[in-house]
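Colleague: build the 3D model from these lines:
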Amino acid sequence: MSSISQNIDALKEVSFANDSEENVGRLRNVLKNDLIKYDIIDLYNYYLDCKQDNNLSQKYVGGIGFLIFTSFVDQFDPELSDDDLLTANKTDQEINVHRKIIEIAEEIVKEICVYGFIEEEYGINKNIDEKPSFIEFHKAGTTSYILKLKFLKRFEGKYVALKILKFKYIDNETIRNKTKNYEATYQNNDNSPKIHHNDFTYILMDFIDGDTLYEYIHKTLYHEPNRYKIISKIIFKLCEVLRYFASSHGIIHGDLNTNNIIINKLEHNDNGEINLKLYLIDFGVNYLLNEKIGSSQALTKAGVYIPREVLKDSANTSLMSDIYSIGVILLEMFNIVDEFEKENFEDYLNFVRQNQPDLAALIDDLLDKNPDLRLYDLQKEYSDKIKRSRGNSVFSNIKQNSPSEKKKITIDFAPIYIGLQSKLNLAFRRLDSTKDKNTSPIFHNFQILLSAISGDLKPLFGTEQSHREISYFNIPDERPDPEKNNFRIVSNQLEKWARIAQLSNLLVLVCSILIFSNYLGLIKIASYPPFINMNLNLTDILSVIVLLSFSSVAVQYYHNIFRYLYTRELGSFGFWNNVWLRFGTFYWPGPILIAFFYDRHWWEYAAFIGTFIVSINNFSNYRLAKKALSEITKTFDYHPSQNILDRLKDYRDWGSYMFIYAITLLTIGILVNNHILHDEIAYLLIILMVNIKMWRSNCTDDAFKINTTLQFLYTRYDRAIKFQRQNQKKY
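Modeller: Alright, predicted model coming up:
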C-alpha cells in the first residue's frame, strides 16, 4: 500500500460518527502540525466520498473540507496571477492545475458544513447564532485566512470579514494575545475597519471593499493622466490618518506597506478635486519578524518596507520606522515595476531625482538608515515637546500588548506628521508631467517660436498652465516657518534660472535664423551698422552652425546637470559655487553673438570662452562634491558605494577633458587667425562632430548619472551641516 493511501486510511480512522473529543483532537493535530502530507487528488476524492457517506457526521465532513481548503491555499498561492506563474517558468498545464485547485478550494469553503466546523472550532458561534447567507474566500496571509461573509439579520445586512488564525499558529501566545487585544488596542475609527467581535483566534470586522494600494498601483495608477496629483493625495491622506492615530491614541502602525492600505474610494469631482477614502489594516509588528514565522520569500517581500533597525530587532519599531515605510511607499508609487526590491532603491530614487528632485531629497531623508536622522530637522524641532508629553524620547520603543498599557501612553506624534505634510506639499509643488520634464530645452525653444509666430507669447515668459504653482493641501501649522518659505523661494528661483538658460539659447537660435533668412532672401534688412557682417560664405555658414551647436550643448548641459543643484547653503565655497552655477545660464550668448555679427572667424574664441567656463563649473562642483562626501562620511559614518565613486571619477575626467577641449579651441583660433593653419572648414566639421557626440552623451545619456550623484551628495551634505550645527548648540 502506498504512503498516500496509508495517509488517507489514517484519516479514515478519525471517525466522527460519535463526535468524540479524542477524534476531534486527532484532526486538530493534523491541522496544526501538518503531520501527514496528502496527495491533493486523493484527498479531494476522499472528501467527495465523505459527503456521500450518511454514516459520517457533518462535523467530520466539514473538518476534512477545511483541511483540503487549508492545504490547497497554503500550497498554491491564490494571489499569483497567470503572469506571475509564467515568470516562475510554469507550463500552461501547471497554470491550469493551479487555477483549478484554487477554484476547488474557493468552492469547498462555501460549504455550510465547512463553515460549521470553523465556527465551532474557533468559538464564533458563542457570539453569533446565525449561519451566514454568503461565504467567500477573500485572502490568505502569513498567519491567517480571511473570509467574506454576509448575515441577513446582523450587521445591517452588510458584508463582514472573518479573519481566522491558521491552525498551526492557534497556540502561539503572542499571536493569540495580539488577536484578542486588537480591538482594544486599535480602537474603531473612520480609517480602520470596525471590529464587531474578536477573540484569541479570530476577528470579525467590517469588510472594506476596494483594492489594496499595491493592487491600485499596478492595475490603475500608471494609466491615470494626473497620477502625480493622485500620488500626492494618497500619501498626504496616509499621513493624515497616521497623524490621527498618533494624536488620538498615541500609537503607530508598525507594519505599514502597500498591502495594508485599502483604497476604498477614489473619485474626481466636477471641480477636478480628488475624493479619497482609505483604510489601514493589520496594525502591529509583522509576525514574520516578531515570531520568525513564514517563508524566507515572504520575509524578503515584507522586508522591503521595514527599516534596517527593525529587521535586526523588532523591538526597535518606532515612529521613525513608520516614517521609513512612508518613504518606501512613496518611492514605489513613482517606480511601477513588477518586482519592487530593496536592492534597487538607489536606482528607483535616481529616477525620481531626474523628474522630481525636491521630492527625491525628501524621500532620501525618509529612507535614512539611521532612524535618528530621518526628518532630522523635525525630530529636533519637536523632540522637547514630545519628551515632556511622555517623559521619554519620541523614538523609544512602543509596545502595546494590553489596553491598560496603552492608557499609559499619552504621547502626541501629530507635530511630526504636520511637518512631514508641509514638506510633502512643497515637494509636490508642480504638476509637471514626466514628458514635460524630459523634453529637451532646445525642442522646447522651437515650440516657443511656433507659439510666438501664432501670437501666443505666454510660453516665452513661462506662464503656461503645465508650470503653474499649486498648493495641494490645507495644512494645519502652529506658526510660520521661514525655512519652508525659503524652500519655496529657492525652488522658484531655480525654475527662473532654467528659464533664463532657455531664453539665452533662444536668443542665439533667433539670431542664427535671422542671418540665414537674410542670406536666403526670406528677410531683407535694409540697413544695419557697418560693423555687422551679414554676408555668408561656406566657412561663415559652418561657423554659425558650430556656434549654434555650442549654444545647444550649453543649455542642454545646464538643463540636465546643473538645473536643480543649489549649493548656496553649503558653506562659503558652496555659496560661490552657486553663483558660478547661475552664471552658467547666460554667459554664452555674448561671445557667440559677437562672432555672429562681427567676425565669424572668431568662432574659436567664442567657443573657448564657453567651454572654459563650463570646465571651471565642473571642477568647482567636483571639488564641492568631494568635500560633501568627506563630511558625510565623517558625520554619518557613511560608506559610499563603488557606483558613487565611479561617477565622481567620471565627472572629474569630464572637467579635465573640457579644459583640454577649451585650450584646443583657443589654440586653433590663434593658429587659424594668424594664418598658420589653413584648413578652417575641416576644423569646423571636426568640432561640429565633437559637439554632437558631447550633446548625445555628456549632455543627455550620462548627464542623468552625474546629476543624481551630485544631488545625492549635496542633499546629504546639507543635512550634515545642520546636524553639526545642532550638536554644536548642545555644547
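
Colleague: in stretch 638-650, what counts as buried?
Modeller: Tyr638, Ile644, Arg647, Leu648 (16 or more other C-beta atoms under 10 Å). Every residue, glycine included, has its C-beta placed from N, CA and C.

Colleague: my bad, should have said stretch 222-239
Modeller: Buried-residue list, stretch 222-239, by 16+ other C-beta under 10 Å: 227-239.

Colleague: run the chain-centre distance for it.
Modeller: Chain-centre distance of stretch 222-239: 11 Å, with C-alpha atoms, centre = their mean, to the nearest Å.

Colleague: can you check stretch 578-598 too?
Modeller: 39 Å.

Colleague: just the buried residues of that stretch, please?
Modeller: So for stretch 578-598, counting by 16+ other C-beta under 10 Å, buried means 578, 580-582, 584-589, 591-593, 595-597.

Colleague: state the mean pLDDT of that stretch.
Modeller: Regarding stretch 578-598, the rounded mean pLDDT is 89.

Colleague: got the contact list for it?
Modeller: The contact list for stretch 578-598 (C-beta atoms under 8 Å, 6 or more residues apart in numbering) reads 497-498, 500-501, 504, 507-508, 511-512, 515, 531-534, 543-544, 547, 550-551, 554, 558, 562, 565-568, 602-603, 605-606, 609-610, 613-614, 616-617, 620-621.

Colleague: now render the buried residues of stretch 638-650 as JSON lines, adding distance to Asn269, secondary structure and pLDDT.
Modeller: Below are the buried residues of stretch 638-650 laid out as JSON lines (distance: C-beta to C-beta, whole Å; DSSP: H, G, I helix; E, B strand; the rest coil; pLDDT from 0 to 100):
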{"residue": "Tyr638", "distance to Asn269": "46", "secondary structure": "coil", "pLDDT": "76"}
{"residue": "Ile644", "distance to Asn269": "46", "secondary structure": "helix", "pLDDT": "84"}
{"residue": "Arg647", "distance to Asn269": "46", "secondary structure": "helix", "pLDDT": "88"}
{"residue": "Leu648", "distance to Asn269": "49", "secondary structure": "helix", "pLDDT": "91"}
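
Colleague: show me which of these is closest to Ala682.
Modeller: Arg647 (35.0 Å; C-beta to C-beta).

Colleague: and the closest residue to the closest one other than its chain neighbours, what does it touch?
Modeller: Take Arg647 and drop its neighbours on the chain: the residue closest to it by C-beta to C-beta, 6 or more residues apart in numbering is Thr709, 4.4 Å away. Taking C-beta under 8 Å, 6+ apart, we find Thr709 in contact with Ala625, Ile644, Arg647, Leu648, Tyr651.

Colleague: can you rerun that using 7 Å?
Modeller: Applying C-beta atoms under 7 Å, 6 or more residues apart in numbering, we find Thr709 in contact with Ile644, Arg647, Leu648.

Colleague: buried ones in stretch 563-574?
Modeller: Buried-residue list, stretch 563-574, by 16+ other C-beta under 10 Å: Arg563, Tyr564, Leu565, Tyr566, Thr567, Leu570, Gly571, Gly574.

Colleague: let me fix that: stretch 274-282
Modeller: Ile274, Leu276, Leu278, Tyr279, Leu280, Ile281, Asp282.

Colleague: which one of those is nearest to Glu107?
Modeller: For the buried residues of stretch 274-282, the nearest to Glu107 is Ile281 (26.2 Å; C-beta to C-beta).

Colleague: tell me which of the buried residues of stretch 578-598 is nearest to Arg696?
Modeller: For those, the nearest to Arg696 is Trp588 (19.4 Å; C-beta to C-beta).

Colleague: report the separation between that closest one and Glu495.
Modeller: 20 Å (C-beta to C-beta, to the nearest Å).

Colleague: for Asn537, see how far away Gly327 is.
Modeller: Distance from Gly327 to Asn537, by C-beta to C-beta: 60 Å.
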